[in-house]
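**Q** give me a 3D structure for the following:
(one chain, ligands or ions: 1)
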Amino acid sequence: MNEKKIYLILGASSDIGSELVKDLNDTEKEAVMICHYRSQCEKLAEINLKNGNQIDFIQADLSLQDEVHALIDYVKRQYNSPVYIVHLPANKFEYTKLKTFSWETLQRDMEIQVHALIEIMKAFLPHMLKRDCMTKVVIMLSAYTMGNPPKYMMNYIVTKYALLGLMKSLAIDYAGKNIRINGISPSMMETKFLDNVDERIVQLNAYNSVGKRNAQVSDIVPAIRFLLSDASNYLHGTNLNVTNGNIIS
Ligand SMILES: NC(=O)c1ccc[n+]([C@@H]2O[C@H](COP(=O)([O-])OP(=O)(O)OC[C@H]3O[C@@H](n4cnc5c(N)ncnc54)[C@H](OP(=O)(O)O)[C@@H]3O)[C@@H](O)[C@H]2O)c1
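**A** Numbers count the residues shown, from 1 in each chain. A predicted model of the protein is given here:
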């Protein structure tokens, strides 16, 4: 039986998420893209659907458990479970130093990135395992989970390492089943995520990078598509390095 391609894209409203949805729409047929957003879905709403593809929008603040569970209930009711999950959301990046550390801020990052994903996996993973096809989970990590991280990013680094731990523990628990769970770790991408970073730091990072440039979303989307495709069926529990050779791990 051919299973319908149902994508749940958490943080579809991110710059990377919108490019991914456009790419899926260009290449998939009769796929359903359940696009989660928190505050803005205008970019996604402008996409001209092709090839019988459908978009279903779902709004949720993933720092709030009620909203995480409302999202889960909606997806369960409409689709039973997704076939593919892509996890992209993150709180806007802020520098953190120990002397100004706030547990509440870290907890919010952990709610959005880690706790929300645990609840979503708990709800859908058993149903995904019952599907008659290979199912996939792609978790957005960061190049900072490889090699030395930069200074003053405590909240971000702690949260991404927690997410890396979650990816690895889910991968080991479900190895050998019809699910592939992998992470992806890009280097600095020029997106609205960097709005709070001084433009000079972004440009300096580009200058110091291989090829003298930062990543663009178009560099990263193909790697996400690879992890969602059958071409990566023998990859499970990996943290894919997408850094143009800036980190050789
Ligand atoms: N940009 C980089 O340099 C870089 C490098 C490596 C990894 N990453 C990772 O890539 C992912 C996407 O980032 P991006 O650069 O494309 O950033 P972005 O455009 O700023 O996207 C952030 C996403 O997180 C969502 N979000 C924020 N707070 C939320 C909340 N409380 N509840 C639910 N969703 C929330 C946003 O939703 P709304 O827009 O709808 O509010 C948006 O979809 C993140 O996980 C980030 O850590 C980024």
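
**Q** show me where pLDDT drops low in this protein?
**A** Within the chain, the ranges that satisfy pLDDT under 70 run 1-2.

**Q** residue farthest from the centroid of it?
**A** Distance from the C-alpha centroid of the chain, by CA atoms, centre = their mean, peaks at Lys99 (30.0 Å).

**Q** quick check, it in a strand?
**A** No: Lys99 is assigned helix when assessed by DSSP: H, G, I helix; E, B strand; the rest coil, not a strand.

**Q** for it, what are its contacts?
**A** With CB atoms under 8 Å, 6 or more residues apart in numbering as the criterion, no residue contacts Lys99. Where C-beta positions appear, they are placed from N, C-alpha and C, glycine not excepted.

**Q** scan this protein for its longest helix.
**A** Among the segments of the chain that qualify as a helix by DSSP state H, the longest is helix 154-173.

**Q** that one near the ligand anywhere?
**A** No: with CB under 6 Å from any ligand atom as the criterion, the ligand is not reached by helix 154-173; the gap is at least 6.9 Å.

**Q** mind giving me the packing neighbours of that helix?
**A** The helices and strands touching helix 154-173, judged by 3 or more CB pairs under 8 Å, 6 or more residues apart in numbering; DSSP states H and E, are helix 103-110, helix 116-129, strand 135-140, strand 179-186.

**Q** what about 7 Å?
**A** helix 103-110, helix 116-129, strand 179-186 (3 or more CB pairs under 7 Å, 6 or more residues apart in numbering; DSSP states H and E).

**Q** hey, where'd the strands end up in this structure?
**A** 6-10, 32-37, 54-59, 84-87, 135-140, 179-186, 239-242 (DSSP state E).

**Q** how about these in TSV, adding distance to Leu20?
**A** Shown next, in TSV, are those (distance: least, CB to CB, whole Å):
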stretch	distance to Leu20
strand 6-10	7
strand 32-37	9
strand 54-59	12
strand 84-87	7
strand 135-140	10
strand 179-186	11
strand 239-242	13
